[in-house]
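Q: for reference, the sequence and a predicted model appear below.
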Amino acid sequence: MDLGISALNYVNGIRNGEFTVEEFVSKSLERISQVDKKLHAFLRVNDLAIKKAKEIDTKIKSNQDVGKCFGMPVSVKDNMCIEGSKTTCASKVLENFIAPYTSTVITKLDSEDAIIIGKTNLDEFAMGLSTEFSAYGPSRNPWNTDYVPGGSSGGSGVSVSANECIASLGSDTGGSIRNPASFCSVVGLKPTYGLVSRYGLVSYANSIEQIGPMTKTVKDSAFLLNIISGIDSNDNTTIDNKNQDYLNDIDVGISGKKIGIVSEMTNSDGLSADVLNATNESVKTFEKLGANCEQISLQMVPYTVAAYYTITSTEAGSNLARFDNIRYGYDFDSAGFEFNSYISQARSKLGPEVIRRMILGGFVPSAGHAGKYFLKALKVKSKLIAEINHVFEKFDFLISPTVPIQPFKFGEKIQDPVSFMMIDFNTVTANLTGIPAISVPYKITNGLPIGIQIMANRLEERSLLQAAYALEKTVNLPEVPSL
Amino acid sequence: MTKIGLEIHCQLTKLESKLFCSCKADYREFEPNTNICPVCMGIPGSLPLLNKSAVEKATLIAMALDCNTPDKIAFFRKNYFYPDLPKNFQITQLNVYGNTSIGWSGKIKVEDKEIRIRRIQLEEDPGRIIYEGATEKTKLTLVDYNRAGTPLVEIVTEPDFETPHQVREFLNILSDLIENLNVSDPGLEGAMRADANVSIEGGSKVEIKNIGSFHDLEKAVHFEITRQESLAERKIEIIQETRHWDDGRKITVSSRTKEEEAEYRYHLEADIPWIRISDNIKNELQTRMPESISSKKERYISKYDITPQVADILASDRYFSELFEKANNEVNAKHIANMITTDIMGLLDTREKRELSKLNAKHLSDLVEYITSNKITRASAKLALDEIIKNGQPLSQVIVDLDLGNVSDESALFEIIIQVLNEETKAVENAKQNPEIINFLVGKVMQKTHGKADPELTLTLLKQNLGIV
């Protein structure tokens, strides 16, 4: 049995009786127990997975209706709530938080008979891009365990890449799906803002973040997007996509499509030569596929990282303010605390990156400084949206490297917060403008992955997935090293 | 010149659910922390779901106060740390980046003075903090989140008041208006609260908070003006500050915290998309707008010939004006209005009594009909009213039960009159010289019938018997 198969092949395998759900799930659990000591993709594994697998097998055998996922093991980033189980956000503050309700995406997966195999590691509250800021220790890149897997959905990327499960759900605030997808050589899709319900996703920067699939193939991402997308009465920001089928016509190709190569993202200071080479190769590939590629400029891009951190810190400062030691934090102390020390006591449980952003979030929108920082950031955002709207009048897609660099070693970047932030340079544009973006595995150089990012206009997921699929078909990447 | 401005908070108690979740808007009957859910508790991952009826009801208030209303409304987060605030931010509105609150630039007339309304916004009420325990050592601070997320409309006036009396008049008019709109029940404890800011000529603005009732607000404003004036007389500077109303001592006390330095880090609440309020919606709301108190009053006067005083009392009270509208059939309107204002308002002077009352419009129209057709006397009607309020039986039944019917049967009355005439021979003789004596005889008949004799018939029969024409 090949644990590395795609979601669609898994479904075929079950339907053709090649293996049972229980067989596949128990093999996956075995794989997790073998490799996850090294990789630390999972914070928790679902004890009930085998029981659920048996139930689905019974349904299959007795010809009952079975959901589209046929019991496929899917991992979920540990910032999405599941009723009755822990959701820690990789933080000590939520070490013992048991959610009283279930996220919409989990409910949807469950109703299609996916098995949530476990909750994956992340940077604390999804703030970071390497999992080095997880309060429970980092995850490791299966391509080379000395290297970071990217983040913040690093555990999700690793779990798919290392064949611990079929697919995963991550969340993407500034690249947190696409960055680890690129670093781990899996497909990662950040959908249009509002296409997927955020109900049950612990907010970090709620104006720009989305849940999305991380999968082995582009088709698998389309398959999962079919399940998790659509309007939700529990999230007022969701959009009615009229049950669009993203797998339909995924193979129509991109002949005649217009692609803009974002020059700011292919000329930036931090861009590595290897990543640039891979990007240039991908441009040639797109042209071979019949697309017209052209350099374009988005003049706001150089300001996006600053704007992104200003906006997200402001929202994080607000979203995380509830962890104030009254309802979350330390155990109840009958003696209580001095009034003003409640919040400082609780915040002593937060890690350095979260604290950094909370402090920033207390400063940039404050009365005396908002004009210089927060309001300027909003201006950058609205100008960027205008630019994006303008380019999509002419172009179908925009492309760039997903991340300007390849995976780096643990501890290598973390000391310099500003250059660390610049790693988000290519990904934050899609979040600030709400457009969909996908990272497609393109190359392995020096044993480490490089992903290509494709962006499309709002709600153009169908054509975005068509372009991604066309690119994916041209590449032939090695298997992930055995661990 | 003295300047007084108000900030009024009004809960939309007539709504079913809270502003962003399906918990009950009326939290008052619940055990602590039982009217809560992941949304109003700010459990991680929960999202606010805007109650559209709250937007409509708040817009009705804005329209009734003659405000401008926006095409689109937005919500903002006001960030501050307080234990009664589950998320440590309040979802509210802000007009700093364009007018996106429920309403702005309105006005209302108070005793020929126009009070300008600066803005009206929709926001969530926090929970409540309860201090328990007598000594400093055993003192507990308890938090009850049942109220958290209750829809609240904030109405901010310009500093257009000059006297505490105007403030009081305004609050009376405003609470009548809000009651008339059927958006809130101002009589409920905590449903309407107000803060005031007060400044006198040459002094800084002082904000007064924590005022429990509108009655106390008038007192607090009065106290504050007096305090500021006495400082000014002694040439002591009046500093800008926030003061709290001390309910026990009936004075304002300086707050220890400097609230003017509060840092709220306002930013847009992205979880609630901008809500379009189209002209269609506004027109539709306009058609649902109840008749205003002043036009109701005018109508009562012109259509039913009711005195302005009675019309004013009736129109200002939603409960009694509804009763009046249902009971009157135009012909009896004046009688109904008088009966409500002279007899019923006294009997139903509290919210509790109104809720328990079994009196309906049919009772009322019957009562008036029985009195005007001399089936019962006014005195009997009052007794019947007491009984109806208690048990709600039909008037005819109550009359039988309490034996209140007029003795209008001529033969029965005739017998009683003969009895009286036989007993009061002296009066009968005098009556022929002094017609006033006849009233004494009517009184005697009334005595014998326990007040139920038809007075007109009694008089006629007496006169016939005595040969007086």
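A: Sure thing, it's come through. No experiment lies behind these values; they were computed from the predicted model shown. Numbering: from 1, shown residues only, chains lettered A, B, ... in the order given.
Q: what's opposite A:Thr445 in the beta bridge?
A: Beta-bridge pairing for A:Thr445 (DSSP bridges): A:Leu448.
Q: who are the contact partners of it?
A: Going by CB atoms under 8 Å, 6 or more residues apart in numbering or on different chains, A:Thr445 touches A:Asp274, A:Asn277, A:Ala278, A:Gln406. All C-beta spots, glycine's among them, are computed from the backbone N, C-alpha and C.
Q: could you give me the PyMOL syntax to select whichever of those residues are buried?
A: Those of the contacts of A:Thr445 that count as buried under 16 or more other CB atoms under 10 Å in any protein chain shown are selected in PyMOL with:
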select buried, chain A and resi 274+278+406
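Q: what subset of the contacts of A:Thr445 is also close to chain B?
A: Applying CB under 8 Å from any CB of the partner chain, the subset of those adjacent to chain B is empty.
Q: from the contacts of A:Thr445, pick the one nearest chain B.
A: A:Gln406 (33.3 Å; CB to the nearest CB).
Q: state the distance from the closest one to A:Thr131.
A: Distance of A:Gln406 to A:Thr131, given as CB to CB, to the nearest Å: 16 Å.
Q: give me phi/psi at the residue in the stretch 251-400 of chain A positioned nearest to chain B?
A: For the stretch 251-400 of chain A and chain B, the shortest gap (CB to the nearest CB) falls at A:Ala321, measuring 3.6 Å. A:Ala321 has phi and psi values of phi -60, psi -20 when expressed as degrees, to the nearest 10.
Q: just give the nearest non-adjacent residue to it, would you?
A: B:Asn88 (3.6 Å; CB to CB, 6 or more residues apart in numbering or on different chains).
Q: ok, B:Met345 next?
A: In space, B:Met345 is closest to B:Phe320, 6.5 Å off (CB to CB, 6+ apart).
Q: can you tell me how far A:Val391 is from B:Gly203?
A: Here the criterion is CB to CB. By it, A:Val391 lies 58 Å from B:Gly203.
Q: hang on, the earlier thing: show me the contacts for the residue nearest to A:Ala321.
A: Taking CB under 8 Å, 6+ apart as the test, what B:Asn88 contacts is A:Ala321, A:Arg322, A:Asp324, B:Gly42, B:Asn79, B:Tyr80, B:Phe81, B:Tyr82.
Q: pLDDT below threshold where in the chain?
A: Defaulting to chain A. A:329-336 (pLDDT under 70).
Q: not quite, go with chain B.
A: Ranges of chain B meeting pLDDT under 70: B:134-138, B:256-261, B:407-408, B:469.
Q: can you give me the offset of the helix ranked longest in chain B from its chain's centre?
A: The longest helix of chain B (DSSP state H) is helix B:214-233. Distance of helix B:214-233 from the chain centroid (CA atoms, centre = their mean, to the nearest Å) equals 26 Å.
Q: likewise for stretch B:235-250?
A: With CA atoms, centre = their mean, you get 29 Å for stretch B:235-250.
Q: how about stretch A:278-296?
A: Worked out by CA atoms, centre = their mean, stretch A:278-296 lies 25 Å from the chain centre.
Q: for the stretch 51-200 of chain B, what spans make up the helices?
A: Ranges of helices in the stretch 51-200 of chain B, per DSSP state H, counting those that start in this stretch, are B:52-64, B:164-180.
Q: that should have said the stretch 351-483 of chain A, apologies.
A: A:352-363, A:374-394, A:417-421, A:428-433, A:461-474.
Q: with distance to B:Ile225 as extra columns, can I get the ones you listed in JSON lines?
A: Formatted as JSON lines, these follow (distance: least, CB to CB, whole Å):
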{"stretch": "helix A:352-363", "distance to B:Ile225": "39"}
{"stretch": "helix A:374-394", "distance to B:Ile225": "39"}
{"stretch": "helix A:417-421", "distance to B:Ile225": "55"}
{"stretch": "helix A:428-433", "distance to B:Ile225": "52"}
{"stretch": "helix A:461-474", "distance to B:Ile225": "64"}
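Q: just those helices: most buried one?
A: Of all those, helix A:428-433 has the most neighbours on average by mean count of other CB atoms under 10 Å in any protein chain shown, namely a mean of 27.
Q: does that one reach chain B?
A: No. On the criterion CB under 8 Å from any CB, helix A:428-433 is out of touch with chain B, staying 12.0 Å away.
Q: list the contacts of that helix.
A: Here helix A:428-433 makes contact (CB under 8 Å, 6+ apart) with A:172-175, A:190, A:193, A:208-210, A:262, A:298, A:301, A:304-305, A:307-308, A:311, A:380-381, A:384-385, A:388, A:435-437, A:455.
Q: let me see the contact set for A:Phe223.
A: A:Ala7, A:Leu8, A:Lys68, A:Thr215, A:Tyr246, A:Leu247.
Q: contacting residues for A:Lys54?
A: A:Val21, A:Glu22 are the contacts of A:Lys54 under CB under 8 Å, 6+ apart.
Q: how much space between it and chain B?
A: A:Lys54 is 30 Å from chain B, where distance means CB to the nearest CB, to the nearest Å.
Q: okay, buried residues for the helix or strand that residue falls within please.
A: Assigned by DSSP states H and E, A:Lys54 belongs to helix A:49-61. For helix A:49-61, burial by neighbour count (16+ other CB under 10 Å) applies to A:Ala49, A:Lys52, A:Ala53, A:Glu55, A:Ile56, A:Asp57, A:Lys59, A:Ile60.
Q: I'd say the fifth one and A:Phe70 touch.
A: Yes. The criterion here is CB atoms under 8 Å, and A:Ile56 meets it with A:Phe70 at 6.9 Å.
Q: mutual contacts of these two, please.
A: A:Val21, A:Asp113.
Q: now do the nearest residue to B:Ile275 once chain neighbours are set aside against B:Ser101, distance only.
A: Ranked by CB to CB, 6+ apart and with sequence neighbours excluded, the top spatial neighbour of B:Ile275 is B:Ile73, at 5.0 Å. With distances taken as CB to CB, B:Ile73 is found 7 Å from B:Ser101.
Q: more neighbours: which of the two?
A: The residue with more neighbours, out of B:Ile73 and B:Ser101, is B:Ser101; 26 against 23, by other CB atoms under 10 Å in any protein chain shown.
Q: list the contacts of the more buried one.
A: B:Ser101 neighbours (CB under 8 Å, 6+ apart): B:Pro70, B:Ile73, B:Gln93, B:Leu94, B:Asn95, B:Arg119, B:Ile120, B:Gln121, B:Leu122.
Q: how much space is there between it and B:Ala25?
A: Distance from B:Ser101 to B:Ala25, by CB to CB: 20 Å.
Q: helix or strand for the residue in the stretch 151-300 of chain B that chain A sits nearest to, just tell me which one.
A: Residue of the stretch 151-300 of chain B nearest chain A, by CB to the nearest CB: B:Ala270 (3.3 Å). Using DSSP H and E, B:Ala270 sits within no helix or strand.
Q: cool, and A:Leu43?
A: Per DSSP H and E: A:Leu43 is located in strand A:42-45.
Q: spell out which residues of the stretch 51-200 of chain B are next to chain A.
A: Counting by CB under 8 Å from any CB, the stretch 51-200 of chain B sits next to chain A at B:Arg77, B:Asn79, B:Phe81, B:Pro83, B:Pro86, B:Lys87, B:Asn88, B:Phe89, B:Thr141, B:Val143.
Q: if you set the cut-off to 10 Å instead, what comes out?
A: Contact residues, the stretch 51-200 of chain B versus chain A (CB under 10 Å from any CB of the partner chain): B:77-89, B:96-97, B:139-141, B:143, B:145.
Q: so what's the nearest residue to B:Leu94 once chain neighbours are set aside up against?
A: Excluding the flanking residues, the one nearest B:Leu94 by CB to CB, 6+ apart is B:Phe76, at 4.3 Å. By CB atoms under 10 Å, 6 or more residues apart in numbering or on different chains, the contact set of B:Phe76 is B:89-97, B:100-101, B:121, B:123, B:264, B:266-269, B:272.
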